[in-house]
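Novice: Just a sequence and a predicted model for now, questions to come.
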Amino acid sequence: MKIPFLDLKQVNAPYMDALKDAAVAVVESGWYIRGSYCEKFEREFAAYCGFAHGVGVGNGLDALTLMLRASIELGRLKTGDEILVPSNTYIATVLAVNAAGLVPVLVEPDERTFNIDPARLADACSPKTHGILAVHLYGRLADMPAIWEFAKTRDLLVFEDAAQSHGARLSSGPQECHPERRAQPAVEGSRSAAVAYSFYPTKNLGALGDAGMVLTDDAELARVVRMLGNYGSEKKYVNMYRGVNSRLDEIQAAFLLAKLPHLDAWNERRRAIAARYVREVNNPLLQLPEIPADPREHVWHVFTLRTPDGKTRDALQKHLESRGIGTLIFYPIPPHLQQAYAAGPEGECALLPVNPKFPIAEKMAETVLSVPVSQVLTDSEVTEIIGALNEFGR
């Protein structure tokens with residue numbers, strides 16, 4: 001590809017010396033699991049996001065699963081409770097709910113933002129509903145003030161999947177209640193129980209392997225998440241819970257520490273590229289994403305546009321490929337249409353309702369296409385992508 005969708009070698013190249021130094025330091029330390037680098041990154045990333053506690057885990061899926069499992073162990077949820085999740089998301093969000101012993105109930109997205117639509121939450125609730133898991137899809141924050149407000153009326157717990165929104169922040173008005181709070185920005189009297197992150201290499205803040213973290217202000221929840229990820233143990237050979245092995249490696253923590261100081265600058269570059277796309281792409285066949293009134297709400301993990309139908313989307317992808325421009329589809333099959341969630345022989349399904357239909361999510365899966373937006377794109381490459389988008393179909 002002349003312009004790849006994402007070139008991770010190019011992303012990491014400017015920081016090669018720092019990454020090599022980090023790797024050497026870890027190897028020479030002789031301590032490779034849950035040591036000083038993990039502890040430091042937990043503190044620094046939690047502080048960066050405005051949380052009291054961070055717990056490093058093996059990956060983003062584990063972060064989602066363990067924060068929900070910890071809530072069950074603490075008696076705040078119980079096995080079989082229903083959790084509202086967006087129908088338009090990566091399957092990991094739904095898998096985590098099931099893995100924790102809970103039941104995901106899908107809710108259609110807002111077509112303007114791609115995120116869960118707060119106006120649809122009430123219709124999805126039942127007496128068994130006890131939580132909401134919001135996803136900040138593509139790097140744009142979900143409408144958390146509306147979600148928190150709804151949750152308070154039903155006494156629901158709120159969790160967040162922030163795997164794609166590293167560094168995003170939400171103002172609560174002219175004055176921010178918590179200026180340093182990022183992925184789970186606070187509105188007075190509102191908060192989420194916990195937020196899950198992935199540091200998969202392609203993320204805005206990516207490790208050089210798998211890594212994840214749970215952030216929370218709840219010391220007890222953090223403690224249980226930490227134990228669950230360590231075989232259910234806080235003291236060696238004393239196991240309080242039926243835990244798993246999910247711990248953030250020292251070497252990945254050291255890499256992430258080296259990269260964290262650059263995250264804000266990377267996000268600003270992504271915002272600048274997205275702004276150019278929205279401003280300069282004028283092809284009537286393409287529906288461009290919205291830039292929020294406060295641009296800090298979006299960190300543009302991917303830049304996703306829509307076409308009128310699937311045939312047009314496929315033609316656009318081929319057109320861009322012919323110009324040497326890499327593209328990806330996030331996501332071509334929504335969770336409820338995956339074989340993993342097909343109805344069983346007795347008509348049972350791990351999703352509610354059984355054999356669901358979610359036309360908005362299905363239409364998005366058919367018509368979305370993401371184009372390059374990473375911080376390593378040059379101005380001339382952005383200009384070339386804009387030109388190719390404007391030429392399509394003309």
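Specialist: Looks like it came in fine. Numbering: from 1, shown residues only.
Novice: Spell out the residue ranges of the strands in the stretch 251-394 of the chain.
Specialist: 303-306, 368-371 (DSSP state E, counting those that start in this stretch).
Novice: what's the spacing between the last one and its chain's center?
Specialist: Here the centre of mass of C-alpha atoms in strand 368-371, compared against the chain's by C-alpha atoms, centre = their mean, to the nearest Å, lies 17 Å away.
Novice: ok, residues contacting that strand?
Specialist: Outside of strand 368-371, the residues within contact range by C-beta atoms under 8 Å, 6 or more residues apart in numbering are 5, 138, 277, 302-307, 313, 316-317, 320, 325, 327-330, 385, 389. Bear in mind the C-beta positions are built from the backbone N, C-alpha and C, glycine included.
Novice: Which members of these are positioned in helices?
Specialist: The helices, defined by DSSP state H, take in 277, 313, 316-317, 320, 385, 389 from the contacts of strand 368-371.
Novice: Would you list the buried entries among the residues you listed?
Specialist: 277, 313, 316-317, 320, 385, 389 (16 or more other C-beta atoms under 10 Å).
Novice: From Val195, how far out is Leu156?
Specialist: 16 Å (C-beta to C-beta, to the nearest Å).
Novice: meant to ask about Ala211
Specialist: Here Ala211 is placed at a distance of 15 Å from Val195 (C-beta to C-beta).
Novice: quick one, which of those two is more surrounded?
Specialist: The neighbour comparison of Ala211 against Val195 (other C-beta atoms under 10 Å) goes to Ala211, with 31 against 28.
Novice: Contacts only, for the more buried one.
Specialist: By C-beta under 8 Å, 6+ apart, the contact set of Ala211 is 56-59, 198-200, 248-249, 252-253, 256.
Novice: follow-up on the earlier one: any chance of the strands of the stretch 251-394 of the chain in CSV with mean pLDDT, mean neighbour count and distance to Thr216 as columns?
Specialist: What follows is those, written out as CSV (pLDDT from 0 to 100; neighbours: other C-beta atoms under 10 Å; distance: least, C-beta to C-beta, whole Å):
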stretch, mean pLDDT, mean neighbour count, distance to Thr216
strand 303-306, 98, 22, 29
strand 368-371, 98, 22, 31
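Novice: Switch these over to a markdown table; also include distance to Leu170.
Specialist: Formatted as a markdown table, those follow (distance: least, C-beta to C-beta, whole Å):
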| stretch | distance to Leu170 |
| --- | --- |
| strand 303-306 | 20 |
| strand 368-371 | 23 |
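Novice: Go through stretch 32-40 and flag the buried ones.
Specialist: Those would be 34-35, 37-38, for stretch 32-40 by 16+ other C-beta under 10 Å.
Novice: Which SSE is immediately downstream of whichever strand in the chain runs longest?
Specialist: For the chain, the strand with the greatest residue count under DSSP state E is strand 129-135. Later in the chain than strand 129-135, the nearest helix or strand by DSSP states H and E is helix 144-154.
Novice: Now do the helix or strand just after that following helix: distance to the chain's middle.
Specialist: Remark: after helix 144-154, the chain's next helix or strand is strand 157-161, criterion DSSP H and E. Relative to the centre of its chain, strand 157-161 is centred 12 Å away, using C-alpha atoms, centre = their mean.
Novice: could you say what helices and strands the next helix or strand after strand 157-161 packs with?
Specialist: Next helix or strand after strand 157-161 toward the C-terminus (DSSP H and E): strand 194-198. Secondary-structure packing of strand 194-198 (3 or more C-beta pairs under 8 Å, 6 or more residues apart in numbering; DSSP states H and E): helix 60-73, strand 157-161, strand 212-216.
Novice: To Pro118, which of the ones you listed lies closest?
Specialist: Each of the helices and strands packed on strand 194-198 has some distance to Pro118 by C-beta to C-beta; the shortest is strand 157-161, at 11.4 Å.
Novice: of the buried ones among the ones in helices among the contacts of strand 368-371, closest to Val26?
Specialist: The shortest approach to Val26 among those belongs to Ile385, at 38.1 Å (C-beta to C-beta).
Novice: one step back: restricted to helices, list the contacts of Ala211.
Specialist: 252-253, 256.
Novice: Low-confidence ranges, this structure, go.
Specialist: Applying pLDDT under 70 to the chain flags residues 172-190, 344-348, 354-355.
Novice: Could you chop it up by domain?
Specialist: Split into domains by automatic domain parsing, the chain comes to 8-259, 261-391.
Novice: Endpoint to endpoint, the shortest one covers what distance?
Specialist: Domain 261-391 has its terminal residues 38 Å apart, counting by C-alpha to C-alpha, to the nearest Å.
Novice: What of the first one?
Specialist: Domain 8-259 stretches 13 Å from its first residue to its last (C-alpha to C-alpha).
Novice: returning to that earlier point: will you turn the contacts of Ala211 into TSV that also has distance to Asp123 and neighbour count?
Specialist: What follows is those, written out as TSV (distance: C-beta to C-beta, whole Å; neighbours: other C-beta atoms under 10 Å):
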residue	distance to Asp123	neighbour count
Gly56	38	29
Val57	34	29
Gly58	36	20
Asn59	33	22
Ser198	30	28
Phe199	35	30
Tyr200	33	18
Leu248	39	30
Asp249	43	21
Gln252	41	25
Ala253	42	29
Leu256	40	26
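Novice: out of the residues you listed, who's nearest Ala361?
Specialist: The nearest one, if we look at the contacts of Ala211 relative to Ala361 and count by C-beta to C-beta, is Ser198, at 21.0 Å.
Novice: For the residue positioned nearest the centre of the chain, which residues are in contact?
Specialist: Compute the mean C-alpha point of the chain, and by C-alpha atoms, centre = their mean the closest residue is Ala163, 2.4 Å away. By C-beta under 8 Å, 6+ apart, the contact set of Ala163 is 60, 90, 92, 135, 196-198, 200, 203.
Novice: Now flag whichever of those residues is closest to Arg242.
Specialist: Ala196 (20.2 Å).
Novice: isn't that closest one right up against Ala70?
Specialist: No: here Ala196 lies out of contact with Ala70, judged by C-beta atoms under 8 Å, at a distance of 11.3 Å.
Novice: show me the contacts for Ile325.
Specialist: By C-beta under 8 Å, 6+ apart, the contact set of Ile325 is 1-3, 371-372, 384-385, 388.
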